[in-house]
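Engineer: kindly generate the corresponding structure for this input.
(2 chains, ligands or ions: 3)
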Amino acid sequence: MHVSRNMEGWEQTISILAGVALVAVAIKRRKPFGGAATAGVGLVLRGASGYCPVNAAIGRRPHARRRDDTRTALGGPRGIHLRESVTIARPPADVFAAWRDPATLARLMPHVERIETTGAGRTHWVMRGPAGITLEWDAETIAEVEPERIAWRTLPGAAVASAGSVQFRPFGEAGTEVHVTLQYDPPGGKAGAALAWLWGDSPHSQLREDLRRFKAVLEAGEAPTATGQPAGHRSAAFRAAREALT
Amino acid sequence: MKALCWHGARDVRIETVPDPSILNPRDAIVRVTATAICGSDLHLYDGVIPTLAAGDILGHEFMGEVVEVGSAITSLRPGDRVVVPFTIACGACGPCRVGRWSLCDNSNPHAWMAEKLYGYSASGLFGYSHLYGGYAGGQAEYVRVPFADVGPVKVPAVLSDEQVLFLSDIFPTGYMAAENCAIQPGHVVAVWGCGPVGLLAVASAYLLGAARVIAIDRVPHRLALAREVGHAETINFEDGELLERLRDMTGGRGPDACIDAVGLEAHGAASIGAYYDAVKSRLRLATDRLTALRQAVMACGKGGVVSIPGVYGGMLDKVPIGAAFAKGLTMRMGQTHVHRYLQPLLALIEQGAIDPSFVVSHRLPLDRAPDGYRMFLEKVDDCTKVVLTP
Ligand SMILES: NC(=O)c1ccc[n+]([C@@H]2O[C@H](COP(=O)([O-])OP(=O)(O)OC[C@H]3O[C@@H](n4cnc5c(N)ncnc54)[C@H](O)[C@@H]3O)[C@@H](O)[C@H]2O)c1
Ligand SMILES: [Zn+2]
Ligand SMILES: [Zn+2]
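Structural biologist: Ligands and ions are numbered 1, 2, ... in the order given. Just a heads-up that it's a prediction; the model follows:
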């Protein structure tokens, strides 16, 4: 894996956030886009949060649908909505800073090939998928309040239109509640297949695992692993399952 | 290296496997000098704990010599002689910071599995299924120890392996079980199970000031140990009328605290409940048998504590929760916060206040671990605790 390290803080922020957003995209198109179920989940989640990063950033005017535009793909009840949170035993300033640190990115997103700065507040992402497929997109930060909140979205042309926000709320004496909200437009075709391969088929659990690793790295300095430990003779089924996971 | 690997219910084998290596900066590699088989291992041996895979290396009670440390470890050096807690804890998360080491947020790489079953995940454990992290265990020549800067405790050379080995699990487990009883002067504590955990709970209850301890089992040599070494009064539950006898022995009050040091594979004394459990677990409607827990709740005096070090893994049926409610009982349970007890209990051993090695009945080379499992399960040849030396 190669991660470019010559970026400024805000660029890292955008990159990481766009990346985390895309982690959520690991879904095969199970439900027709804009279907009632999707819309319902979206509405419930938005209602519960009282905050919609996309609406906050871009308003709600109805547009002709364009799937690569976050405004139209994700505006209102459209797209898939995810929420996940984790509590970290570090103060908000530390957690905010870590979220912008390239080392954090490297630990969270193993498939990132490179990230390029393309302009004010904008980055270009390249991720490696199966069989030489690469996924590319541009992203921008749409809000940043240190050390409380960051919001982002992808720009037109993205393989997957997505947007999201993360809030850092003080908890207890020196802790932080991290609340992530994500919206994305599930892709079909090659991009969808590549993303599904990259992240398995449950975007919500992937997001949870990424936040779990983020927490572990911040608190313990490393994420736990049992991969690479010795074992006795494994069954064929076990070996096949492990291969499918790596 | 050689290691004891699980291959299915009642099928464990010594295999030659690759040596462990440092995988994270806070890891250490320990050359095992002594390791024990635990009652918890018997639950794995019997196949009643889910998510074990053929080839998994078992063992969570072990000690030895540090042979290699990761780049972030400064508190340990090769050559240090250490005992390793069976619970793996990072030392930095919310639970660790308040001393709830066995509830560490950051040590189970398979936390998602535990979350599916239990809502939230406890800490990772050595050699105790993939649900608890899939960590290779210590019934082997070498073992990788994560978070080696907070777990392992250095032990003085004057103490033998057998004197300190049980700091890894059963001594802290027996001690925490007794501590959870909130013992006051004059209290009577009843302990179900005279296995190593029960025996050390008996000893710990006295250390914590119990006036009397009553130990319950059905295995004669274990009851004898509880009586002769533990100074407990004993009851063989197969003699019947357990609850009435406990009532008589406590002047009609019932014990002030009851400890279930048996867990999910309790033997029933031909009760309807035991028959019901056996049928249900065979039909997979319930997973755990709970004769001991039921009795502990029923026997416990008003306002008392039921302390549960015995392991449970799944669903229980016919738990007398009404009795617990009516009598205003407190129930406390969980994997032991081993790290919390290492220094204080090591001090007790150094002072000679206790020598936990009294539980050891068999010493075998690692090669004979499969025999050790069989003997410990069947409790033949007065087997109480098996220590293996690689
Ligand atoms: N909480 C923890 O962190 C922790 C740590 C270590 C062990 N444990 C658990 O503690 C329990 C005991 O461990 P051990 O090593 O002493 O096991 P063990 O199998 O040697 O001892 C269990 C004893 O209970 C007796 N018994 C069975 N049914 C009984 C009943 N109905 N009433 C009274 N006694 C009965 C058995 O005869 C046996 O002597 C196990 O469940 C083990 O998994 C928990
Ligand atoms: Zn144990
Ligand atoms: Zn921890």
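Engineer: what are the bridge partners for B:Glu265, then?
Structural biologist: B:Arg289 (DSSP bridges).
Engineer: got the contact list for it?
Structural biologist: With contacts defined as C-beta atoms under 8 Å, 6 or more residues apart in numbering or on different chains, the neighbours of B:Glu265 are B:Leu42, B:His43, B:Asp46, B:Val48, B:Arg289. Any C-beta I mention is one placed from the backbone N, CA and C, and that applies to glycine too.
Engineer: then B:Ala190?
Structural biologist: Under the criterion of C-beta under 8 Å, 6+ apart, the contact list for B:Ala190 reads B:Val213, B:Ile214, B:Ala215, B:Ile216, B:Leu246, B:Pro255, B:Ala257, B:Cys258, B:Ile259, B:Ala296, B:Ala299.
Engineer: what is the least confident helix or strand in chain B?
Structural biologist: Comparing every helix and strand of chain B by mean pLDDT, DSSP states H and E singles out helix B:272-282 as the least confident one, with a mean of 60.
Engineer: next: chain A.
Structural biologist: helix A:36-49 (a mean of 28).
Engineer: per the record, what domains does chain A have?
Structural biologist: The record's domain parsing of chain A by automatic domain parsing lists A:9-64, A:70-220.
Engineer: for these, which has the smallest mean pLDDT value?
Structural biologist: Ranked by mean pLDDT, the domains of chain A end with domain A:9-64 in last place, scoring a mean of 32.
Engineer: low-confidence ranges in chain B?
Structural biologist: B:268-289 (pLDDT under 70).
Engineer: and the contacts of B:Ala190, which of them are in strands?
Structural biologist: Taking DSSP state E, the ones among these that sit in strands are B:Val213, B:Ile214, B:Ala215, B:Ile216, B:Ala257, B:Cys258, B:Ile259.
Engineer: and the first one, how many neighbours?
Structural biologist: Around B:Val213 there are 27 other residues, counting by other C-beta atoms under 10 Å in any protein chain shown.
Engineer: ok, the residue nearest to it when sequence neighbours are not counted - contacts?
Structural biologist: For B:Val213, ignoring the flanking residues on the chain, the nearest one in space by C-beta to C-beta, 6 or more residues apart in numbering or on different chains is B:Ala232 at 4.4 Å. Contacts for B:Ala232 were tallied using C-beta under 8 Å, 6+ apart; they are B:Val191, B:Val202, B:Val213, B:Ile214, B:Ala215, B:Ala226.
Engineer: as TSV, these with distance to B:Gly304 would be great.
Structural biologist: As requested, the contacts of B:Ala232 are arranged in TSV below (distance: C-beta to C-beta, whole Å):
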residue	distance to B:Gly304
B:Val191	13
B:Val202	17
B:Val213	14
B:Ile214	13
B:Ala215	17
B:Ala226	21
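Engineer: I'd assumed B:Thr33 was in a helix, is it?
Structural biologist: No: assessed with DSSP: H, G, I helix; E, B strand; the rest coil, B:Thr33 is strand; it does not lie in a helix.
Engineer: give me the number of residues near it?
Structural biologist: 16.
Engineer: next: B:Tyr128.
Structural biologist: Residues within reach of B:Tyr128, counting by other C-beta under 10 Å, total 29.
Engineer: before we move on, which element is it in?
Structural biologist: With elements delineated by DSSP states H and E, B:Tyr128 resides in a region that no helix or strand encompasses.
Engineer: check B:Leu364 too.
Structural biologist: Using DSSP H and E, the element containing B:Leu364 is strand B:362-365.
Engineer: quick one: strands adjacent to that strand?
Structural biologist: Here the strand partners of strand B:362-365, with direction, are listed using DSSP bridges: strand B:386-389 (parallel).
Engineer: pull the CA atoms of the strand it pairs with into PDB?
Structural biologist: As requested, the backbone C-alpha atoms of strand B:386-389 are provided in PDB (Å, rounded to 0.1, in the frame of the first residue of the first chain):
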ATOM      1  CA  VAL B 386      -2.900 -30.900  36.000                       C
ATOM      2  CA  VAL B 387       0.300 -28.900  35.500                       C
ATOM      3  CA  LEU B 388       2.100 -29.400  32.200                       C
ATOM      4  CA  THR B 389       5.700 -28.700  31.500                       C
END
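Engineer: just the strands in chain A please.
Structural biologist: Using DSSP E, the strands assigned to chain A run over residues A:80-88, A:112-119, A:122-128, A:134-145, A:149-154, A:162-171, A:175-184.
Engineer: turn those into CSV, including mean neighbour count and distance to B:Gly59.
Structural biologist: Output for these, formatted as CSV (neighbours: other C-beta atoms under 10 Å in any protein chain shown; distance: least, C-beta to C-beta, whole Å):
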stretch, mean neighbour count, distance to B:Gly59
strand A:80-88, 20, 32
strand A:112-119, 17, 38
strand A:122-128, 20, 40
strand A:134-145, 18, 44
strand A:149-154, 25, 46
strand A:162-171, 23, 38
strand A:175-184, 23, 35
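Engineer: can you say which of those strands is nearest to ligand 1?
Structural biologist: In terms of C-beta to the nearest ligand atom, the element of these nearest to ligand 1 is strand A:80-88, at 25.1 Å.
Engineer: now do the closest one against strand A:175-184, angle only.
Structural biologist: 170 degrees (axes from the mean of the first three to the mean of the last three C-alpha atoms, to 10 degrees).
Engineer: give me the neighbour count for the residue in chain A that ligand 2 sits nearest to.
Structural biologist: Taking C-beta to the ion, ligand 2 has its nearest neighbour within chain A at A:Ala226, 18.8 Å off. Using other C-beta under 10 Å, the number of residues around A:Ala226 comes to 18.
Engineer: what do you get for the one 4 residues further on?
Structural biologist: For A:Pro230, the neighbour count with other C-beta under 10 Å is 21.
Engineer: ok, for the residue of chain A found nearest ligand 1, nearest residue in space, not its chain neighbours?
Structural biologist: Distances from chain A to ligand 1, computed as C-beta to the nearest ligand atom, single out A:Pro224 as the nearest residue at 19.4 Å. With C-beta to C-beta, 6+ apart as the criterion, A:Pro224 has its nearest non-adjacent residue at 4.4 Å, and that residue is B:Pro109.
Engineer: point out the residues in the stretch 101-250 of chain B that sit beside ligand 2.
Structural biologist: Proximity of the stretch 101-250 of chain B to ligand 2 is confined to B:Asp169 under the rule C-beta under 5 Å from the ion.
Engineer: ok, back up a step: could you export the contacts of B:Ala190 as TSV, including distance to B:Ser361?
Structural biologist: As requested, the contacts of B:Ala190 are arranged in TSV below (distance: C-beta to C-beta, whole Å):
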residue	distance to B:Ser361
B:Val213	21
B:Ile214	23
B:Ala215	17
B:Ile216	20
B:Leu246	28
B:Pro255	28
B:Ala257	28
B:Cys258	26
B:Ile259	22
B:Ala296	26
B:Ala299	29
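Engineer: near ligand 1, which residues of the stretch 201-350 of chain B are found?
Structural biologist: By C-beta under 6 Å from any ligand atom, the part of the stretch 201-350 of chain B that sits against ligand 1 consists of B:216-219, B:222, B:237, B:261-263, B:266-267, B:291-292, B:309-311, B:335-336.
Engineer: recalculate using a threshold of 8 Å.
Structural biologist: Neighbours of ligand 1 within the stretch 201-350 of chain B, by C-beta under 8 Å from any ligand atom: B:216-219, B:222, B:237, B:261-269, B:291-292, B:295, B:308-311, B:333-336, B:338.
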